[in-house]
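For reference, the sequence and a predicted model appear below.
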Amino acid sequence: MSELGTYENILVSLQGHVALVELNRPPHNYLDFNLVRDLADAFELLDANDQCRSIVLAARGKSFCAGGGFANPDNKTQDIPQVVKTPGKNPVYVEAVRLFRCGKPVVAAVQGAAVGAGLGLTLVADFRVACMEARFVANFTKLGFHPGFGLTHTLPRAIGHTNAELMLMTSRRWKGDEAKALGLVSVLVPQDEVLSSARELASEIAECSPLGTWETRKSMRGELADCVLAATDHELAAQTQLRQTEDYREGVEAVKARRVPQFTGK
């Protein structure tokens with residue numbers, strides 16, 4: 001293993017003081033336990049690497065991350081290898097909390113769709129650089145489901161309570177400029193400039209005093225990781241309950257069939 005780690009689902013490099021972590025499961029980079037674990041492992045190694053002062057989180061392919069779970073044919077969320085499973089805990093969320101504990105500043109380069117858990121992944125970052133072609137979607141209620149990946153805490157923290165409720169309760173798709181107006185996107189650029197612009201922002205951060213930057217970030221984020229831990233515990237309980245409903249089964253089938261769901265409230 002190199003000092004940056006060896007991974008199946010991501011690519012990691014370090015140029016100067018800026019690390020680049022790329023999701024490498026194109027075209028849609030569907031999220032599962034293995035992918036999140038690779039990300040958490042990489043972030044922990046970069047956190048301990050004195051050469052690294054900031055991180056760009058990007059993705060290869062059409063989508064940044066088109067979500068995970070039942071709706072996509074390539075999902076392996078249930079195909080979790082032999083890991084220590086804590087009762088009442090989702091292993092994916094355990095790894096997600098590890099991501100939020102990273103101490104280095106993170107800039108997300110969102111070149112395409114960030115859906116469901118993929119949207120949650122963008123909120124690990126401090127800033128999001130995106131384009132008009134990007135799509136930000138919290139589609140859980142269209143599936144008869146409950147938001148996850150800590151979104152019930154991180155989304156209102158990023159864009160305010162009312163805007164977060166609007167995103168979560170409507171399952172509406174938000175284009176890059178609409179997400180910029182909400183405050184979800186920090187920088188909006190042409191699609192072919194997303195990665196380079198994210199690198200520029202990460203480099204600008206890396207030029208500042210690392211100790212001063214990290215302490216400032218720590219103050220600004222507060223107990224974010226602990227809050228995400230509490231949020232994912234609550235989200236998992238709600239998700240577990242909703243998985244038993246007819247609406248959930250209808251939502252999943254409707255997405256697979258690409259039709260409008262017919263919910264009954266049961």
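Ah, there it is.

Could you look up the SS state of Val129?
Classification of Val129 using DSSP: H, G, I helix; E, B strand; the rest coil returns strand.

and what of the one 4 residues further on?
Secondary structure assignment for Glu133 (three-state DSSP): coil.

got any ranges where the stretch 51-200 of the chain has weak pLDDT?
69-88 (pLDDT under 70).

same thing but 90
The stretch 51-200 of the chain contains residues with pLDDT under 90 at 68-89.

any idea where the helices of it begin and end?
For the stretch 51-200 of the chain, the helices defined by DSSP state H, counting those that start in this stretch cover 91-100, 117-122, 151-159, 161-170, 176-182, 194-206.

contact partners of the last one?
What that stands for is helix 194-206. Helix 194-206 has contacts (C-beta atoms under 8 Å, 6 or more residues apart in numbering) with 16-18, 20, 53-56, 58, 105, 107-111, 127, 129-131, 134, 186-187, 189, 213. All C-beta atoms are positioned from the backbone trio N, CA, C, and that covers glycine.

now stretch 206-223, how far from the centre of its chain.
Taking C-alpha atoms, centre = their mean, to the nearest Å, the mean C-alpha location of stretch 206-223 is offset from the chain mean by 21 Å.

Can you point out the buried residues in it?
For stretch 206-223, the neighbour count (16 or more other C-beta atoms under 10 Å) marks 206, 210, 213-214, 217 as buried.

Narrow the residues you listed to those in helices?
The helices, defined by DSSP state H, take in 206, 210, 213-214, 217 from the buried residues of stretch 206-223.

and which of those residues is nearest to Glu178?
The nearest member of these to Glu178, counting by C-beta to C-beta, is Arg217 at 27.2 Å.

which residue sits closest to that closest one in space, ignoring its chain neighbours?
Take Arg217 and drop its neighbours on the chain: the residue closest to it by C-beta to C-beta, 6 or more residues apart in numbering is Pro105, 5.7 Å away.

In contact with that neighbour, which residues are there?
53-55, 126, 202, 205, 213-214, 217.

follow-up on the earlier one: in a markdown table: the buried residues of stretch 206-223, plus pLDDT and distance to Val255.
Compiled in a markdown table, the buried residues of stretch 206-223 are given as follows (pLDDT from 0 to 100; distance: C-beta to C-beta, whole Å):
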| residue | pLDDT | distance to Val255 |
| --- | --- | --- |
| Ala206 | 98 | 41 |
| Pro210 | 96 | 44 |
| Thr213 | 97 | 42 |
| Trp214 | 96 | 41 |
| Arg217 | 97 | 37 |
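
re earlier: nearest to His234, of the helices of the stretch 51-200 of the chain?
For these, the distance to His234 is smallest for helix 151-159, at 7.1 Å, taking C-beta to C-beta.

Determine the set of other helices and strands touching the closest one.
Under the contact definition 3 or more C-beta pairs under 8 Å, 6 or more residues apart in numbering; DSSP states H and E, helix 151-159 sits against helix 117-122, helix 161-170, helix 224-242.

that older thread, can you redo the ones in helices among the buried residues of stretch 206-223 as CSV with distance to Arg243?
What follows is these, written out as CSV (distance: C-beta to C-beta, whole Å):
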residue, distance to Arg243
Ala206, 43
Pro210, 44
Thr213, 42
Trp214, 40
Arg217, 36
